[in-house]
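[1] Just the structure for this:
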Amino acid sequence: MHLIDSHTHLDFPDFDADRAQVLSRSRALGVEQMVVLGVYQENWQRLWDLVQTDSHLFAAFGLHPVYLNQHRPEHMTELGEWLSRLAGHPQVCAVGEIGLDYFLPELDRGAQQRLFEAQLQLAVDFHLPALLHVRRSHAQVIATLKRFRLKRGGIIHAFAGSREEAREYIKLGFKLGLGGAATWPQALRMRRVIADLPLSAIVLETDSPDMAPAMFANQRNSPQHLPAICQALAQVMGISEEQLAEVTTANACEVFGWVSTQDRPSP
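    Have a look, this model is predicted:
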């Protein structure tokens, strides 16, 4: 079974003690490629250094809305410089993690919007998909995406919206990232929505080290947990875990412009 973890933060200090072992165990379980997302200017170099140690790790660079008060105007300039310098590099796969967070009241919404739009423009300029953080802000994100119309779309990370919102994102060319949240028994509404999603619209993720699934409650999340997440979500959707693994891997390859394993010629 081949899986892709489309959203991790493997560069975070949570993994400093055993990162190599986590990668080894994850690969042994079939998690072959992993996307590591930048969240603020200070972690871009650390993230890139990590990705350069492993050809199956991929980098996205962005300024996360939750860290709004750490971002400076010059960081947007630097982000453009990073993307320009690494343009065309096979291990640069997206702009992210970017978006809007209306859950935290202290985050200025106007400043978030300006930052979000500036980074969407970079995704347009560099012909990259966007990996989006969307928390209690679906209507505004959808309205913004309708204005920008990213040719390569992207992924709505940790999707927990309605059926109607899912349809809007899909029409805009986005996939919906599913992870540990829907494995919890109390996530009844989310499970009903997920059961109705078209398989062509789903990718899998962990958000490691956060958002651990129910079967690993109160533990550090890890790409190692993706097979268990896949199994749990397949049950919710009424399909086999092998089918979900195959389709979500193909979907992630489509987003990032990778050749999927089933499309590779036989040796």
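[2] And the strands in the stretch 101-250 of the chain?
    130-135, 154-156, 174-178, 202-204 (DSSP state E, counting those that start in this stretch).
[3] Now Ala182: closest residue in space that isn't a chain neighbour?
    What sits nearest to Ala182 in space, not counting adjacent residues and going by Cβ to Cβ, 6 or more residues apart in numbering, is Met190, at 5.0 Å. (Each C-beta comes from the backbone N, C-alpha and C, glycine too.)
[4] do Pro223 as well
    Closest residue to Pro223 apart from its sequence neighbours, by Cβ to Cβ, 6+ apart: Ser26 at 4.0 Å.
[5] Around the residue nearest to Ala182, count how many other residues there are.
    19 (other Cβ atoms under 10 Å).
[6] what does the model give it for pLDDT?
    Listed pLDDT for Met190 reads 95.
[7] got the contact list for it?
    For Met190, the contact set (Cβ atoms under 8 Å, 6 or more residues apart in numbering) comprises Ala160, Ala181, Ala182.
[8] Please name whichever of the strands of the stretch 101-250 of the chain is nearest to Ala250.
    Closest to Ala250 of these is strand 202-204 (Cβ to Cβ; 9.6 Å).
[9] Contacts made by the closest one with the rest, please.
    Strand 202-204 has contacts (Cβ under 8 Å, 6+ apart) with 3-6, 155, 175-179, 226, 229-230, 233, 244-245, 247-248, 251-252, 255.
[10] tell me the helices in the stretch 51-200 of the chain, going along the chain?
    All helices of the stretch 51-200 of the chain, identified by DSSP state H, counting those that start in this stretch, fall at 73-85, 109-125, 138-148, 163-171, 188-195.
[11] residues in contact with stretch 99-110?
    Applying Cβ under 8 Å, 6+ apart, the contact partners of stretch 99-110 are 64-66, 68-69, 112-113, 116, 132-137, 140-141, 144, 157.
[12] Could you check it and say which residues are buried?
    Residues Gly99, Leu100, Asp101, Tyr102, Leu107 are the ones in stretch 99-110 that count as buried (16 or more other Cβ atoms under 10 Å).
[13] Can you tell me which of the residues you listed is closest to Phe126?
    Nearest to Phe126 out of the buried residues of stretch 99-110 is Gly99 (Cβ to Cβ; 17.6 Å).
[14] Could I get the pLDDT score of that closest one?
    Here the pLDDT value assigned to Gly99 is 98.
[15] Excluding residues flanking it in the chain, which one is nearest it?
    Per Cβ to Cβ, 6+ apart, closest to Gly99 is His133, 3.6 Å.
[16] quick one: pLDDT of the one you found?
    pLDDT, His133: 98.
[17] Tell me who's in contact with it.
    By Cβ under 8 Å, 6+ apart, the residues touching His133 are His64, Pro65, Val66, Glu97, Ile98, Gly99, Leu100, Asp101, His157, Ala158.
[18] Equivalent analysis for Arg220, please.
    Arg220 touches Asp14, Ser208, Pro209, Ala212, counting by Cβ under 8 Å, 6+ apart.
[19] could I get the helix or strand of the chain with the lowest mean pLDDT in CSV with only the CA atoms?
    Across the helices and strands of the chain, mean pLDDT, DSSP states H and E gives its lowest value to helix 188-195, namely a mean of 95. C-alpha atoms of helix 188-195 as CSV (Å, rounded to 0.1, in the frame of the first residue of the first chain):
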residue,chain,number,x,y,z
LEU,A,188,-20.5,12.8,13.6
ARG,A,189,-21.2,15.8,11.3
MET,A,190,-17.8,15.5,9.7
ARG,A,191,-18.2,11.8,9.1
ARG,A,192,-21.6,12.4,7.3
VAL,A,193,-19.9,15.0,5.0
ILE,A,194,-16.9,12.7,4.3
ALA,A,195,-19.1,9.8,3.4
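[20] For it, buried residues please.
    Within helix 188-195, the residues scored as buried using 16+ other Cβ under 10 Å are Met190, Arg191, Val193, Ile194.
[21] Adding distance to Thr53, write those residues out as a markdown table.
    Shown next, in a markdown table, are these (distance: Cβ to Cβ, whole Å):
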| residue | distance to Thr53 |
| --- | --- |
| Met190 | 35 |
| Arg191 | 38 |
| Val193 | 38 |
| Ile194 | 35 |
